[in-house]
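Engineer: fold the following, please.
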Amino acid sequence: MDKRLIAERFSKAAHTYGKEACIQHQIAERMVSLLNQKKGTSQFNKIFEFGCGTGSYSQMLHTQFNPSDMSINDLCEEMINRCKEVLDSKVNYIVGDAESIELPSNNNLITSCSTIQWFDNPMGFFEQSTEHLDDHGYLAFTTFGKENMKEIRETTGEGLSYLTTEEITQSLSDKYDIIHADEQIIEQYFDEPKQVLRHLKETGVTGISNQRWTPRILIQFCEEYGKLFTTKQGVRLTYHPIYIIAKKKSV
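Structural biologist: So this is what the prediction gives:
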């Protein structure tokens, strides 16, 4: 992962992400609902969220669980600045790469939506997280599976490397009890292929490619994408969210 490029693309999308990322918002809403259902008697008084983006999921967590101590992190300072516009001033803000910063300790909940797929070593992060959870803490996150944006991969030959639900739960099983694991396929439709590209740009998810979109390349992309993925509902783009809630095993 080129974290510099990822940060650059998300920084540019800081002012458009909130409006354009409707699928990510939908995923975050479901994650909060699942957490509320699965946490039992646990109280999430100390929460650390990584990859907070513009703070949509952060707001939901704060409203639902009313933690006395909440820290949120993002790779991009521009995203953190957007969060500061909508979140309580008592929230702690941490700018930096979640894989390399020092995480807050003794959390009841470490959580994120739509971030893990950008990590160099997600398995290592899962293991590290146990050291920063209290004895009954939860690790809860969403990421994306192998069907995610399959249309882009088929048209351009580029895409992220995604883990399966089974790979994730297996990597967690030594130190966590899996409370919940499932996945969805969500299809979003656009009027034309150019709108798909604009959607990706405005949500910042183009951070794996330095592709220069010349007029010829753009025409070729639109022709190929339209030919392959036009349906009665419109031009299709697939999202494949995975939902994981895991509880730290008792020592």
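Engineer: any idea how far the residue positioned nearest the centre of the chain lies from residue 144?
Structural biologist: Centrality entry for the chain: nearest residue to the mean C-alpha point is residue 114, 1.1 Å, by CA atoms, centre = their mean. Distance of residue 114 to residue 144, given as CB to CB, to the nearest Å: 7 Å. To be clear about C-beta, it is placed using only N, CA and C from the backbone, and glycine gets the same treatment.
Engineer: need the residues touching each of those two.
Structural biologist: residue 241 (CB atoms under 8 Å, 6 or more residues apart in numbering).
Engineer: so the residue lying closest to the residue nearest to the centre of the chain once chain neighbours are set aside is in which element?
Structural biologist: Once flanking residues are discounted, residue 114 sits nearest to residue 24: 5.0 Å by CB to CB, 6 or more residues apart in numbering. In the assignment (DSSP states H and E), residue 24 maps to helix 22-38.
Engineer: next structured bit after that helix?
Structural biologist: strand 46-49.
Engineer: against which helices or strands is that following strand packed?
Structural biologist: Packing partners of strand 46-49 (3 or more CB pairs under 8 Å, 6 or more residues apart in numbering; DSSP states H and E): helix 56-65, strand 69-74, strand 107-113.
Engineer: let's go with 6 Å and repeat that
Structural biologist: strand 69-74, strand 107-113 (3 or more CB pairs under 6 Å, 6 or more residues apart in numbering; DSSP states H and E).
Engineer: what about the helix or strand following the shortest one, distance to the chain center?
Structural biologist: Once strand 69-74 ends, the next helix or strand along the chain (criterion: DSSP H and E) is helix 77-86. The chain centroid and the centroid of helix 77-86 are separated by 16 Å, computed with CA atoms, centre = their mean, to the nearest Å.
Engineer: CA-only coordinates of helix 77-86, as PDB, when you get a sec.
Structural biologist: In PDB, the C-alpha atoms belonging to helix 77-86 read as follows (Å, rounded to 0.1, in the frame of the first residue of the first chain):
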ATOM      1  CA  GLU A  77      -5.600  15.500   8.800                       C
ATOM      2  CA  GLU A  78      -8.300  16.900   6.500                       C
ATOM      3  CA  MET A  79     -10.700  14.100   7.500                       C
ATOM      4  CA  ILE A  80     -10.000  14.800  11.200                       C
ATOM      5  CA  ASN A  81     -10.700  18.500  10.600                       C
ATOM      6  CA  ARG A  82     -14.100  17.500   9.100                       C
ATOM      7  CA  CYS A  83     -14.800  15.400  12.200                       C
ATOM      8  CA  LYS A  84     -14.000  18.300  14.500                       C
ATOM      9  CA  GLU A  85     -16.900  20.200  12.800                       C
ATOM     10  CA  VAL A  86     -19.500  17.600  13.800                       C
END
